[in-house]
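Peer 1: the following block contains a protein sequence and its predicted model.
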Amino acid sequence: YRLILVVMIIPLMLRLFSSGKPVYAFDFLFIFSFLWSALSLSVVHGFGQTIETSAIYIIEGLGAYLVTRILIDNKQSFYVFVKIFYFSVLFLLPFAIFEAATGKPIILDVLRKVLPVPGSVSMNKRFGLERAQVVFEHSILFGVYCSSVFGLVFYVLIKPGSSAVTGLMKLALVTFTSFLSVSTGAVLAINFQLFLIAWDKITAMMKLPRRWLI
């Protein structure tokens, strides 16, 4: 993914300012925040020691922002993105179940024979389960990845008037896959999204003014 971002970051930056579409204050603030962080690192630790860290930080953070900012720019592309995101979590689910039971990350073990991949992270069991990392460097990253799609599934893939059972099943699958990381971060992320969804629905019914400002 770093290679993709290295290739994409400059063309996407140019496209942001040359496409004729509006450039907003948050675009400049986002760009400035990454440049400021890189400058801060160099001031505190020295330019020579932080140039690689700063470059990776900018490429991974600002590069990923530009990919979404430029390439996901309408309702249809956003829907397609969420759908792919959701199905990627479902694809990883059986591998996560196997790893939680056995401690063996199948995909990483297979790819390790031909490619450099993250090593298997040995951690203590929780609730009698191994902490699944599946294709990520750590189980926390796997959990955060899976839990991040929860709210998106609720608002994008569960359409008004559709079956409540089908919608709940989609959310349950995302929650279960996230739980297999046995990570507090994943559980907190889903709980926080549930709180925001509940706040949205309850305050909308109450017709509460300035509900998001509150």
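Peer 2: Yes, it's here.

Peer 1: can you give me the end-to-end span of stretch 110-130?
Peer 2: By C-alpha to C-alpha, to the nearest Å, the extent of stretch 110-130 from end to end equals 19 Å.

Peer 1: longest helix in the chain, please.
Peer 2: Counting residues, the longest helix in the chain under DSSP state H turns out to be helix 75-102.

Peer 1: so after that helix, what's the next helix or strand?
Peer 2: helix 106-111 (DSSP states H and E).

Peer 1: what mean pLDDT does the longest helix of the chain get?
Peer 2: Helix 75-102 comes out with an average pLDDT of 96.

Peer 1: same thing with stretch 117-131?
Peer 2: When pLDDT is averaged over stretch 117-131, the result is 83.

Peer 1: show the end-to-end separation of that stretch, please.
Peer 2: Stretch 117-131 stretches 18 Å from its first residue to its last (C-alpha to C-alpha).

Peer 1: other residues contacting that stretch?
Peer 2: Residues outside stretch 117-131 that contact it (C-beta atoms under 8 Å, 6 or more residues apart in numbering) are 99-103, 105, 108-109, 111, 133, 136-139, 180-183. Using the backbone N, CA and C atoms, a C-beta is placed for each residue, glycine as well.

Peer 1: could you list the buried residues of that stretch?
Peer 2: Buried residues in stretch 117-131, counting neighbours by 16 or more other C-beta atoms under 10 Å, are found at V117, L129, E130, R131.

Peer 1: tell me which two of those sit farthest apart.
Peer 2: V117 and L129 (22.4 Å; C-beta to C-beta).

Peer 1: turn the buried residues of stretch 117-131 into CSV, columns for secondary structure and distance to S148.
Peer 2: Shown next, in CSV, are these (DSSP: H, G, I helix; E, B strand; the rest coil; distance: C-beta to C-beta, whole Å):
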residue, secondary structure, distance to S148
V117, coil, 22
L129, strand, 21
E130, coil, 22
R131, coil, 18
